Structures are given as C-alpha cells and as structure tokens.
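>>> Structure of the sequence below:
(chains A, B, C and D)
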There are 2 protein chains.
Amino acid sequence: MASIKDVAAEAGLSVATVSRALNGHPSVSPAARHRVRAAVEALGYRPNAVARSLRTDQTRTLGLVISDVMNPYFTELARSVEEEARALGYSVVIGNADERPDLQDHHVTTLLDRRIDGLLVSPTDGGSPGMLDAARAGTPMVFVDRWIPGVDVPVVRSDGRAAVRDLVAHLHGLGHRRLAIIAGPAATTTGRERVDAFREALGAYGLSLPGAYIGQGDFQAESGRRATERFLDLPEPPDVVFAADNLMALGALDAVRARGLRVPEDIALAAFDDIPWFVHTDPPVTAIAQPTRDLGQAAVRALVERIAGRAGESVTLPARLVVRRSCGEPGGSGGSPSSVRNRPTESPSPVQRSTP
Amino acid sequence: MASIKDVAAEAGLSVATVSRALNGHPSVSPAARHRVRAAVEALGYRPNAVARSLRTDQTRTLGLVISDVMNPYFTELARSVEEEARALGYSVVIGNADERPDLQDHHVTTLLDRRIDGLLVSPTDGGSPGMLDAARAGTPMVFVDRWIPGVDVPVVRSDGRAAVRDLVAHLHGLGHRRLAIIAGPAATTTGRERVDAFREALGAYGLSLPGAYIGQGDFQAESGRRATERFLDLPEPPDVVFAADNLMALGALDAVRARGLRVPEDIALAAFDDIPWFVHTDPPVTAIAQPTRDLGQAAVRALVERIAGRAGESVTLPARLVVRRSCGEPGGSGGSPSSVRNRPTESPSPVQRSTP
DNA sequence: GGAACCGATGGAATCGATTACACGGAGGAT
DNA sequence: ATCCTCCGTGTAATCGATTCCATCGGTTCC
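Reported below is the predicted structural model:
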C-alpha cells in the first residue's frame, strides 16, 4: 500500500509538503497542491490512520459498550450513536457485554488499548474494575441508559417516572387494581428505578405493591416467562403485568398464552421500552417509549464535549406512554394510529378464564 | 499514559528487553522478566495497540459491513461473528450500511484506512466501487450471506433451496395452490435466489409463479405491507404469501390484519429468516431458519485463514424449515415445540373472508 | 540599499512499539 | 589456556504520519 513517501516521490515534493497539502494547511502553493492531488490519484493513496493516530494521539474513534446487542432497544441505541458519531467525524467500535461483567471489562480494556478517544457505557452491573479504573484515570466517558452512582461521569438517560404514572393512571382507569411488575437486575439502575417509579405511582392511587407482585427478572425473555408463571400460580393473580423491558414482556406474553389465557381479557400486559415489534404482536403491546434516537445523539454530543475538554453535561429526557390494546380498550387519548389499524375483528366469545 | 519507556526506566532495563519480556520472547532472564512484571504492575502499563499496529502492520481487528443492523438476522450474525473473532484474538468493528451503497462504501474506506486485517461484507447492492477496489487490491475478504458474482472472494452463506422445497411441499399438503412471494431487491443475491428457489419448487408441483404473485420489496417492513396490499387487491388473491425476509413478513402480517383478515384462516404466511419474535407473534410464523451462528463462525474462520495467507474456502450450510401455525394446522412432522405451546384457544367463528 | 518580513518548502525529530544486529561475558570443547 | 557458542541485553533503525525549525527567494518598508 502506497505511503506518504511514495506520494512525495511521485509529486517531487517532500513528505512535509504533502502532509500539509493533505491537511489543508494554508501555506502550500496551488501548484504543489495540484501535484499532490495528482500523485494521490495516480497511486490510489489513502492516509494510514494508524500512523496518524500514533502521532496525533487521537483516533477519532468512540467506544460503545452495551449490555446486550440482541435487545432491540440497544440495537437502536447503537445505531443512533453511530449515526451521530459519523456526522461528527467519528467512528464507533461496539462491544457487546451480553450482561456479563467480565465481558464488559474485556471490551473496556481492549478499547482503551486501542486508544479510543472516548467511551460510552451502559454498565452491566455495579461497575467492573476495569471500567472504574478508566473513569478514575480520566478517560473521557459518558454513561447511557444505565449508570453507576457515585462515579463522576455524565449520564444520558431517560426518566420514566411521568410515563409510569401515566401508565398506572391508564390501568387504574380501566379498572385494574392488582398490578404486578417484573423487575430487572437490582445491580442495574434501570432495574431498580422502574420498580421504584411503579411503586410510587401506585401509592398515588392508594394501591400497594406486595412482594408477591414483584417478579425478579434479568432483562431476558426467559426470566419474564418464569416470573409470569409464578404470578399466575398465585391464589390471587394480578390483573396486570408490567415488564421492565421488552424481552421480559415477550416472555410474559408467551407464558400467558401457554396457559390458554388471553391478553388483555384475562390479564393485561405493559412493557418498558417500546420496540417496532410491539405493533405487530397480537394484541399490540402498550409500552413506555424512550426517545432512543435522541438519547444516542445526546450521549455522543456529551462525549465529544468531554473529549474537547469541556463539561459535557448529563441529559435526562422524558419517556412517554404509548397506549395500545394489551391493557384493554384504550381511552380517548394517547393511542397511536397503529392501535386503530391493528384492531382485529371483534371476538364473539365472552371474557372468560379457562382453568387448565 | 505510561509508555514502554517508562516501564524500561522503572525496571532499569532497555525498552528492547521490556518488549521481549512482554511478548514472551525466550531469551529473557527470569530476573528481568520479573522486574518487568513488577514495573508494569506499578505503573498500570498497557501496551499501545496503535504503536504496535504501526510497527507490525497488523491490527488484529476485523471489519464487518452489514446491510442493516436493525434486522434481527444481521444482529445475530454480528453477534456470532464477534464471539468467534474474540475467541481467535480479534476485535470486530461493525459498519452498518443501512442498505445504502454510499454508506457501505464509507464504511469500507474507513475500515481500510484503519488498516483492519480483514473484511467481512454482506454487500448491499451489486458492489460499490470502494468495495470492489478493496477486493481487487487483495484485502483479505469474505462475503457473508450475500455476495457478488464474478468477484473472487470466498462466500459463506446458507442454501435455502431444500428448505424452500420443504416449505412448498408443506403448503401444497395443506391444500394451498396460489402461492405468492415478496422478493428482495434484485441487486442482491439473496433477493434473486429466493425467488428462483421458490419458482423451481412450485414447478415440481406443476404450479407456476405468475408475475402478479411476485411482489417487489426491499427487505424492509413497509415494502412487505405494500406488496401484500397489492396481493389482496387482486381479483384472485393468493392463498399464501411467502416473504423473503423477516421484516417484510411483519409488514405483510400487518397488512393482512389491517383488512380484518386472519392468518392462517384467510391467508397463510411464511417467511425467510427465522427470528425469536416469530414464536411470540399470533399466530407463530412458519419460517426458514438459517444456521446464523454457524455462518458467523465459518465466516470468521475463513477470513482468518485468508489473513494467514491460506485459501479460506467458501462454505454453504443448509437452511431448514420450521413449521409453526401461520400456514394452517401443521402436519405430523417438523413442528417446533413452541408450535404446540403457543396454540391459543380455538376460534369459535368459521373461516370467512370479510369484504372491505 | 539594507533590514525585516512573509510565503513556500525541506530536514529532521517525534509518537510507542518491534526487531535486526552488535556486544560482552559465561561456559564448554579442544 | 584459547577459541567458539550461546545467552542475555542494549543500540538503533523502522513503521507512516505530523510538525517544529531552518532556509531561501522575493517583497515591502524605512
């Protein structure tokens, strides 16, 4: 592969001049500029980013360490991060931690070894050692979605409290009184917060959240299924199951169907994190939608600010409730257009709970 | 950040010895080895991968340029690629082309500038100029899933012919005679092949594939919806719609529901590419499953072979039919366990086609 | 007319590693 | 005792860029 030396030789100039011409430095004569252009063209020269990075000490690359790529929410987040980064002249290297702290650490170290300019992390657990080291060492860093309390790093996330209140109001309005939640891992902030917000919202309606109505999940579909089965085995099963992420909601849906029960007639279902597929399930699932695209954008901007040595502020954006049919006939407001278009033919059978 | 020089100073040795100790070179005394280890520990030294790459001319990084990350099939592919690469000591940088040739080119150039050791591509169109240049220039390269005819690059993909034949047999056995397909872009190999395989399989049953039963899609949900609507507007609509990928299948499902029709009673649906969500939709969708994990693995292995200067052979793995409920009551064989567990309560209403 | 200045260019140091080559000393063979 | 090996180590070149500093010819200013 042709190097800058070859270009210099071809153009009959020094490497210094070629470099300046390539970087748009002002004091290069038009003639030289032209000859460089021609030589570059002739040789198909492309600057070696590795060499440049070594010299300039910047890679124009961002690292993104994510909890689970297979989760559509994170996939979308990754996509929006890459888009914004590209717009700002950065590349993104994604590391999938698969909810495993050791893998998270592996990716953080690898990325740091590659001298990425900044790190975007959605921490899997309370914080793996390598990650904390990086934060302490002053690597430009921003947390997305999840964060670690007590670590001095900006956080870009969405606040679901208001949306959860809206959800509980919606459920209460439909007559539901026994509300259950499938929580995420307690080690993650999102795992805890969503339960807290839910309990708080219930309190406003004089409802409580008994321990039996809190299922412990791990943000994977299988755990949602198990938790739901336990709910259904209760002497007094809940009217509604609220899953703290989309994968657990699908597990829940599956568990309900496996018993021959129907959503929402026999039991209602709602989820945190709206995803395109919820429009296509039957029934369409009522969910709390995060402004994923904006989150990715804000996170990249904050990180780039940090890289530039400026503050890089934390950002919190509101999530919003998207009402569909999985909790019962929607009220007058808040329904998405799809909730109308997706309405199936009316079921002639009365609401009933079949006993297995 | 501490460099190898700092380590050398701390250990009272030359950088050469430190480097040798770090790389497990045999002729380093145990004493020196030990002092290096101590110095590394004390300084928290991590070798600069950028500098190493410049010197050794290898980055131990693979590039993966994918057509659409938001498509679960590709997400899973990316994940398995990263896993296998990690096992082999490589990192992976993913570029999302979003089915746009210009973006594909952007990523290929960026990756090449970063001097990745090898490139895995699932080409978006007939081949963007930058990609063809790379192939010609001898960059170690392997195509995954899709490929470009006439370019001398190993291809790792799955062959769906047998599975499509099985599907057609299954459909024919259920009494379906008017079979339609939603094709992918003609510029992609997968777009063309799946139609060919379908037509061929139909031929074996004396059935033809009229032009009106070929919908043109672009592998996105919206195109699946439009194509299906056109099918339903036909004076003689098809009995079955076979979507050439999972996103178009979801669009099709949506279009069918929007008319108040039911799957499979009014019209059957099948898809290429099985994804976890098809188990959760109602009805569960019959699909052709690719051995995605194995494909990713084989692709990485082939690429690493190429990087090592060896052959790196093409691999073709068979896809297989997964029968669920979206085409009608499953026959005696091939049904997945989920097709039983997901069966909902029987519908009391007779099969009917509502006129809009 | 000479000093100061400016624009364009080249030489050479530098980034942090790897590695060919040289060298000194210990140990074995003769 | 002398020479040859071989081991462990250091010196320095190198990878491909960027950039400081020096140089040189030509203006401009006083």
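>>> Which of the three states applies to the closest residue to chain B within chain A?
Minimum separation of chain A from chain B (C-beta to the nearest C-beta) falls at residue A:282, amounting to 3.7 Å. For glycine as for every other residue, the C-beta is placed from the backbone atoms N, C-alpha and C. Put simply, residue A:282 is coil when judged by DSSP: H, G, I helix; E, B strand; the rest coil.
>>> correct me, but it touches residue B:282?
Yes. Residue A:282 is within contact range of residue B:282, at 3.7 Å (criterion: C-beta atoms under 8 Å).
>>> I'd like to know how far residue A:197 sits from residue A:168.
9 Å (C-beta to C-beta, to the nearest Å).
>>> Between these two, which has more neighbouring residues?
Each of residue A:197 and residue A:168 has its neighbours counted (other C-beta atoms under 10 Å in any protein chain shown); residue A:168 has more, 26 against 22.
>>> Nearest spatial neighbour of that one, chain-adjacent residues omitted?
Nearest residue to residue A:168 in three dimensions, chain neighbours excluded: residue A:201, at 3.9 Å (C-beta to C-beta, 6 or more residues apart in numbering or on different chains).
>>> Can you tell me what sits against the helix or strand harbouring the one you found?
In the assignment (DSSP states H and E), residue A:201 maps to helix A:189-204. Helix A:189-204 has contacts (C-beta atoms under 8 Å, 6 or more residues apart in numbering or on different chains) with A:145-149, A:160-161, A:164-165, A:167-169, A:179, A:181, A:183-186, A:208-209, A:214, A:219, A:242, A:244-245, A:272.
>>> Now a ChimeraX select for only the buried ones of these.
Buried subset of the contacts of helix A:189-204, written as a ChimeraX selection, criterion 16 or more other C-beta atoms under 10 Å in any protein chain shown:
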select /A:145,146,147,148,160,161,164,165,167,168,179,181,183,184,185,209,214,219,242,244,245,272
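>>> List the ones among the contacts of helix A:189-204 that fall in strands.
A:179, A:181, A:183, A:214, A:242, A:272 (DSSP state E).
>>> Verify the stated contact: the third one with residue A:214.
Yes. Between residue A:183 and residue A:214 there is a contact under C-beta under 8 Å: 5.9 Å.
>>> Quick check on residue A:120: phi, psi?
phi -110, psi 120 (degrees, to the nearest 10).
>>> So what's the residue count around whichever residue of the stretch 51-200 of chain A sits closest to DNA strand C?
In the stretch 51-200 of chain A, the residue that lies nearest DNA strand C is residue A:55 (3.7 Å; C-beta to the nearest atom of the strand). By the criterion of other C-beta under 10 Å, residue A:55 has 11 neighbours.
>>> Which parts of chain A are helices?
A:4-11, A:15-22, A:30-43, A:49-56, A:72-87, A:101-113, A:129-136, A:161-173, A:189-204, A:221-233, A:246-258, A:277-280, A:292-307, A:337-341 (DSSP state H).
>>> and the third one, what does it pack onto?
For helix A:30-43, the helices and strands in contact under the criterion 3 or more C-beta pairs under 8 Å, 6 or more residues apart in numbering or on different chains; DSSP states H and E are helix A:4-11, helix A:15-22.
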